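Peer 1: Take this sequence and fold it.
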Amino acid sequence: MKELKKSRLDSFLINPPKALWTLAIPVMAGMGIQTLYSIVDMIFIGRLGGDSIAAVAFNMPLFFLVLGLTMGLGSGVTASVARYIGAKDKKNADNSAEHAILIGLAISVVLTTFGFLYGQEMLILLGATESIVDLSWSYLKIICFGLPFMVFSAFFRSILAGEGDMKFPMMVAGLGTVLNIIFDPIFIFTLNLGVAGAAVATVISQLIVFAVFVYMLFFKDHAYITFNLKDFTFSKSLLGEIIKIGLPASMSMVIMATGQAVFNKILIYYNAESVAAYQVAGRLDMLVFLPIMAIAHGLTTLIGMFFGAKETDKLKEIVKYGITRSVLITIITSTLVYIFAPILIRTFTPEPIIQSIAIQYLRIMAFAYPFVAVGMTSGRIMQGLGKGLPMLVITVIRVLLVSSLLSLYFAIELNKPVEYVWYAMVIATFISASISLTWVRSVFIKIVNPLEN
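Peer 2: Okay, here's the model as predicted:
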């Protein structure tokens, strides 16, 4: 049996800020490559025209559903594995990882079956018009073949994140992204598959990523976590722990997917160009969110470990450091996006109407990004402490109760122009950030104080 890797945990305890960047920088690099792919992919698709961009846009809520279930429950796995490693309980850390594989299998079967049976109907329900739905479905039906590879790879990354290994999974994800960038022009243009070609490129690259993870984790014994599936023992309590932390996060992303579907329907009320502009500008959102998400991922692992090890002072230190650095970095990136928005948008599409709407979106949303940093890091902090529900409640308030309803009111009732949809998003983000920061303080005091006694 492997010995506990004390060196990683001990080094994290010695210097928490350094530990956060040790975890965050590989995540940032991997996500940066993924964001690059997202941008390049949109550039390729953008050359096919506005309808192709909109066709992919109507798939985005469904992808958010998949990401929501996998990343949300994956964050529960990360927090669970991290706390058991912090408590030096390798048996339950291994068992958490094995339960993650079981969850991944269940999600893969359900989502793939649902996609093939009801995918086209869902696209119509989400607002895809008659001229766009066939393009949207040509993309989705191919992606369904790759869903299991995406789901399992996401859970493998979550398991490794729980033990503090961010570098390897992000290198593998980066490999998949590079392959995707290479395959995109081949299948989209050379083989003349159009939008469907982008989906084929994604499926092939995700298959390769999945194969690398399986080989390294099950055959090369790369991880500290040990997979003994033959000796697997089902545990309701352990499964319940993962779900308790991860399901609210999953539901949060499902709600975000619902919100995106609502926004697509509101925007198509204006025109297809507004939907396309929202999709294009959303890719650039990721450039701003990149460092925030990386820090948030690192916080989940560190807080889980420090909480499991009952290191109260380290918990306080890393929470304050993580939030302040996220906000500072976001202010800088928001400023850059505001200044260079026209240059960035022109890279994606040559169509003047789409450019104008997308630039307007970015320059309005630049004022909301620092509040996104507060909300995102606060949610991950609470997950690390074993509290998943606050993230769900705050997301419901932001997406459904404020942003969506306010957007509908501006667009339908007041007949305001499309920029009022962006104003609604800014208002909702400010309100949710205020609530999340207050809530994390309350949760932190209640959970951390008993550790000091």
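
Peer 1: Now for Tyr37: which residues touch it?
Peer 2: Residues in contact with Tyr37 (C-beta atoms under 8 Å, 6 or more residues apart in numbering) are Thr177, Val178, Asn180, Ile181. Every C-beta, even on glycine, is put in place using the N, C-alpha and C of the backbone.

Peer 1: How about the contacts made by Gln279?
Peer 2: With contact taken as C-beta under 8 Å, 6+ apart, Gln279 is in contact with Met42, Ile53, Ala54, Val56, Ala57, Met60.

Peer 1: Surely the fifth one and Asn264 touch.
Peer 2: Pointing back at Ala57 there. Yes: counting by C-beta atoms under 8 Å, Asn264 is a contact partner of Ala57 at 6.3 Å.

Peer 1: Tell me which of the two has more neighbours.
Peer 2: When Ala57 and Asn264 are compared for neighbours, Ala57 comes out ahead with 29 against 22, by other C-beta atoms under 10 Å.

Peer 1: Need the nearest residue in space to the more buried one, chain neighbours excluded.
Peer 2: Closest residue to Ala57 apart from its sequence neighbours, by C-beta to C-beta, 6 or more residues apart in numbering: Gln279 at 3.9 Å.

Peer 1: Is that neighbour within a helix or a strand, and which one?
Peer 2: Element membership of Gln279 [criterion: DSSP states H and E] is helix 272-308.

Peer 1: Just put the contacts of Gln279 in JSON lines and tack on secondary structure and distance to Pro370.
Peer 2: Shown next, in JSON lines, are the contacts of Gln279 (DSSP: H, G, I helix; E, B strand; the rest coil; distance: C-beta to C-beta, whole Å):
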{"residue": "Met42", "secondary structure": "helix", "distance to Pro370": "25"}
{"residue": "Ile53", "secondary structure": "helix", "distance to Pro370": "28"}
{"residue": "Ala54", "secondary structure": "helix", "distance to Pro370": "30"}
{"residue": "Val56", "secondary structure": "helix", "distance to Pro370": "29"}
{"residue": "Ala57", "secondary structure": "helix", "distance to Pro370": "26"}
{"residue": "Met60", "secondary structure": "helix", "distance to Pro370": "24"}
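
Peer 1: if we can go back for a sec, which among the contacts of Tyr37 end up buried?
Peer 2: For the contacts of Tyr37, a burial check counting by 16 or more other C-beta atoms under 10 Å picks out Thr177, Asn180, Ile181.

Peer 1: Among these, which one sits closest to Phe234?
Peer 2: Using C-beta to C-beta, Thr177 is the member of the buried ones among the contacts of Tyr37 that lies nearest Phe234, at 35.0 Å.

Peer 1: That closest one and Ile33: what is the separation?
Peer 2: Distance, Thr177 to Ile33, using C-beta to C-beta, to the nearest Å: 4 Å.

Peer 1: go on, Leu401?
Peer 2: According to C-beta to C-beta, Leu401 and Ile33 sit 35 Å apart.

Peer 1: How about Phe213?
Peer 2: As judged by C-beta to C-beta, Phe213 and Ile33 stand 16 Å apart.

Peer 1: on that earlier part again, so of the contacts of Tyr37, which ones are in helices?
Peer 2: Within those, residues falling in helices by DSSP state H are Thr177, Val178, Asn180, Ile181.

Peer 1: And Phe213 and Ile33? Which one has more around it.
Peer 2: A side-by-side neighbour count of Phe213 and Ile33, using other C-beta under 10 Å, places Phe213 first with 23 against 20.

Peer 1: pretty sure Thr129 contacts Ile268?
Peer 2: Yes: the pair Thr129 / Ile268 is scored as a contact, 7.1 Å apart, by C-beta under 8 Å.

Peer 1: Neighbour count for these two, which is higher?
Peer 2: Using other C-beta under 10 Å, the more surrounded residue of Thr129 and Ile268 is Ile268, with 20 against 15.

Peer 1: Now the more buried one: phi and psi?
Peer 2: For Ile268, the backbone dihedrals (degrees, to the nearest 10) come out as phi -70, psi -20.

Peer 1: mind checking how far it is from Leu126?
Peer 2: For Ile268, the distance to Leu126 equals 10 Å [C-beta to C-beta].

Peer 1: do the same with Asp165
Peer 2: For Asp165 relative to Leu126 (C-beta to C-beta), the value is 37 Å.

Peer 1: Over to Asp10?
Peer 2: 49 Å.

Peer 1: higher neighbour count, the two?
Peer 2: Taking neighbours as other C-beta under 10 Å, Asp10 and Leu126 compare with Leu126 leading, 23 against 10.

Peer 1: show me what contacts that one?
Peer 2: Neighbouring residues of Leu126 by C-beta under 8 Å, 6+ apart: Phe58, Pro61, Leu62, Ala261, Asn264, Lys265.

Peer 1: And the pLDDT for it?
Peer 2: We have a pLDDT of 79 for Leu126.

Peer 1: now it, nearest residue through space, not along the chain?
Peer 2: Per C-beta to C-beta, 6+ apart, closest to Leu126 is Ala261, 4.8 Å.

Peer 1: who does the helix or strand where that neighbour lies touch, helix- and strand-wise?
Peer 2: In the assignment (DSSP H and E), Ala261 maps to helix 236-270. For helix 236-270, the packing partners by 3 or more C-beta pairs under 8 Å, 6 or more residues apart in numbering; DSSP states H and E come out as helix 60-86, helix 90-125, helix 272-308, helix 369-384, helix 389-395, helix 405-408, helix 419-452.

Peer 1: give me the low-pLDDT residue ranges for this structure?
Peer 2: 1-9, 35, 448-453 (pLDDT under 70).

Peer 1: From Ser80, how far off is the residue nearest to Leu267 when sequence neighbours are not counted?
Peer 2: Residue nearest to Leu267 in three dimensions, not counting chain neighbours: Ser274, with 4.0 Å by C-beta to C-beta, 6+ apart. Per C-beta to C-beta, Ser274 is found 42 Å from Ser80.
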